[in-house]
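# Quick one: sequence and predicted model below, then my questions.
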Amino acid sequence: MVTGFDYLSQDKLLQEHWLKRFVAIVIDSLLIWVPLWILFALLGASFVFSAFTYGGLLFVYSALFDASVGGTVGKMLLRMKSVSMSGQMTFAQALMRNVSKVFGVLLLLDWIIGMAVDTKDPRQKWTDQMARTAVIVYDRPGGT
């Protein structure tokens, strides 16, 4: 059984792809977290409550941007795009592929499971496989 980890260990372009995905989620997280943290600090609200709010907002933000323009601000800055494997991405696909962003641990598990299973596309996290979506880099010929 060949896994995404097998490809990742040998493929520099795939390593760059996953690094870009990580940087994109950091950018998107900061876009959500910083204003939310400031707002909750001004209101004197609990840090725990803001963390739960953050996860929900990151999920909604990511799903809306994926469905409407093909990617979040972080992905756009890194010239990446979320695409459906079968035509235009639907809102249901966008929701499914982003559900793990509600909690950081779920997103990490999503990435690990996606790379651990036998796959034909090592660019996919597990929810991408379920939603039949992928993230492509569009600054290279072939979109890898």
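Sure, I can see it. These numbers were taken from a predicted model, which means no experiment stands behind them. Residues are numbered from 1 along each chain as shown.
# When you work out contacts or count neighbours from here on, use the C-alpha atoms and nothing else.
Fine.
# longest single helix anywhere in this structure?
helix 12-43 (DSSP state H).
# Give me the secondary structure label for Gly87.
coil (DSSP: H, G, I helix; E, B strand; the rest coil).
# Please renumber the chain so that the first residue is 36 from this point on.
Sure thing, new numbering starts at 36, so read that last one as Gly122.
# Quick check: buried residues in stretch 54-70?
Lys55, Arg56, Val58, Ala59, Ile60, Ile62, Asp63, Ser64, Ile67, Trp68 (16 or more other CA atoms under 10 Å).
# chain center to the longest helix of the chain, what's the gap?
10 Å (CA atoms, centre = their mean, to the nearest Å).
# Over to stretch 113-123?
Computed by CA atoms, centre = their mean, the separation of stretch 113-123 from the middle of its chain amounts to 12 Å.
# Endpoint to endpoint, it covers what distance?
One end of stretch 113-123 sits 21 Å from the other (CA to CA, to the nearest Å).
# residues in contact with it?
For stretch 113-123, the surrounding residues in contact (CA atoms under 8 Å, 6 or more residues apart in numbering) are 55, 59, 101, 105-106, 110, 124-125, 128, 167-174.
# residue contacts, the residue nearest to Leu141 when sequence neighbours are not counted?
Computed as CA to CA, 6 or more residues apart in numbering, the closest residue to Leu141 that is not its neighbour in sequence is Ser135, at 5.0 Å. When contacts are counted by CA under 8 Å, 6+ apart, Ser135 touches Phe94, Leu141, Leu142, Asp145, Thr162.
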